[in-house]
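Student: Let me see the structure of the following:
(one chain, ligands or ions: 1)
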Amino acid sequence: MKHPLLIIACITIFSFGCNSTSSDSPGNETPLVVATTSIVADIAKNICSDFAEVKSLMGPGVDPHLYKASHGDIELLTNADVVIYNGLHLEGKMSEILEKLKSSKTVIAVSDGVDHTSIRTINEEADVHDPHIWFDVSIWSEGVKHVSESVQTKYPEYKDQIEKNTNTYLRAIDSVNQECTKLVASLAVEKRILITSHDAFEYFGRSYNFKVRGLQGISTLSESGLKDVTDMVNFIIDNKIKAVFVENSVPQKALRSVINGCKAKGHEVTVGGELFSDALGADRTPEGTYLGMLYFNVETVINGLN
Ligand SMILES: [Zn+2]
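Tutor: I've put the predicted structure just below:
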């Protein structure tokens, strides 16, 4: 079957490639837009790469929960005209520097554009919320609109262009979501239990009607203990689950001990595949884009559990 995202991926790759290094106003340099994660950078690449240079601090496979800005990153952030980040403490170790930058330049949190009643609260008192909002496309689309409006305010001369790009991007997101929903319908509801290394997929579960369990919490900062592993082993056996899923930005060791624990108790569970959770795949692959990553994850989960 022809991959429905190939065409979109090709268009995206081509549009990324036509980044101009010249500027409309003589003497002015091309605006520099710096995003924290590759998922956030995908927004900027889609809405403003035809007039700005877009850079991402974190590449494929990088865990944003643990990421500390390097000297090079700080230089890049300092030189940036616009900085875009996810927010909700996803970039936990960069909060201070992001806060500081707000006094001197346009700094946009995707999550600031999202209706907060739709965000999962983990601990209200401690202000802990689930930051993995890109896995609910309706929430993420709100965030995309917010980024777009903020960039339009910063560059009114490119308003029409940004608006047009944003609409194209949002339509593509909607279309991939429809493909994903169709794919999910092929998996019986009782088989929809998704087990991963860390709890990045709760929004995914909410969108596509999956029960979700992560071995670690919503941040990879807290490591899983022996009790977490034992509980997960029992859960897998009780629910006769046949596959669990590793993640591209999280070490596999803890989940491997769950698999071994199941085996020791006579239950065979396999790795259903590697999901892209907090970082996109390599550049110039379908999973190197937000749209490709969404479809890949759904396809992998469905194939692994069917
Ligand atoms: Zn995460």
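
Student: Helices along this protein, start to end?
Tutor: For the chain, the helices defined by DSSP state H occupy 6-17, 38-48, 71-79, 95-101, 137-154, 159-184, 202-208, 226-238, 253-264, 290-305.

Student: What residues does the stretch 51-200 of the chain have near the ion?
Tutor: Neighbours of the ion within the stretch 51-200 of the chain, by CB under 5 Å from the ion: residue 200. Bear in mind the C-beta positions are built from the backbone N, C-alpha and C, glycine included.

Student: Quick check: chain neighbours aside, which residue is closest to the closest residue to the ion within the stretch 51-200 of the chain?
Tutor: Residue of the stretch 51-200 of the chain nearest the ion, by CB to the ion: residue 200 (4.2 Å). Take residue 200 and drop its neighbours on the chain: the residue closest to it by CB to CB, 6 or more residues apart in numbering is residue 277, 4.1 Å away.

Student: Walk me through the domains of the chain.
Tutor: Listed by automatic domain parsing, the domain ranges of the chain are 6-181, 188-305.

Student: what's the spacing between residue 74 and residue 158?
Tutor: From residue 74 over to residue 158 the distance is 27 Å, taken as CB to CB, to the nearest Å.

Student: Name the residue in those two with the higher neighbour count.
Tutor: residue 158 (19 against 14; other CB atoms under 10 Å).

Student: What are the phi and psi values at the nearest residue in space to the more buried one that is not next to it in sequence?
Tutor: Nearest residue to residue 158, sequence neighbours excluded (CB to CB, 6+ apart): residue 51, at 5.2 Å. With angles defined as degrees, to the nearest 10, residue 51 sits at phi -130, psi -10.

Student: And residue 51, how far from residue 204?
Tutor: Taking CB to CB, one finds residue 51 at 33 Å from residue 204.

Student: Write out the residues of the stretch 201-306 of the chain neighbouring the ion.
Tutor: Counting by CB under 5 Å from the ion, the stretch 201-306 of the chain comes close to the ion at residue 278.

Student: again, only using 8 Å
Tutor: Contacts of the stretch 201-306 of the chain with the ion, taken as CB under 8 Å from the ion, map to 218, 219, 220, 249, 250, 277, 278.

Student: from the residues you listed, which is closest to residue 104?
Tutor: Residue 104 has its nearest neighbour among these in residue 278, at 27.7 Å by CB to CB.

Student: For the residue of the stretch 51-200 of the chain closest to the ion, give me its contacts.
Tutor: Taking CB atoms under 8 Å, 6 or more residues apart in numbering, we find residue 200 in contact with 132, 135, 214, 218, 247, 277, 278.

Student: In strands, which of the residues you listed appear?
Tutor: 214, 247 (DSSP state E).

Student: Can I get the contacts of residue 200 in TSV including neighbour count?
Tutor: Shown next, in TSV, are the contacts of residue 200 (neighbours: other CB atoms under 10 Å):
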residue	neighbour count
132	25
135	23
214	24
218	22
247	24
277	28
278	26
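
Student: hmm, who's touching stretch 125-143?
Tutor: For stretch 125-143, the surrounding residues in contact (CB under 8 Å, 6+ apart) are 39, 43, 86-90, 110-111, 113-115, 118-122, 170, 173-174, 176-177, 199-204, 206-207, 218, 277-278, 290, 294.

Student: quick one: buried residues of that stretch?
Tutor: By neighbour count with 16 or more other CB atoms under 10 Å, stretch 125-143 contains the buried residues 128-137, 139-143.

Student: So for the residue of the stretch 51-200 of the chain closest to the ion, what pLDDT did the model give?
Tutor: pLDDT recorded at residue 200 is 96.

Student: quick one: low-confidence ranges for the stretch 101-250 of the chain?
Tutor: Applying pLDDT under 70 to the predicted model, the stretch 101-250 of the chain contains no residue that meets it.
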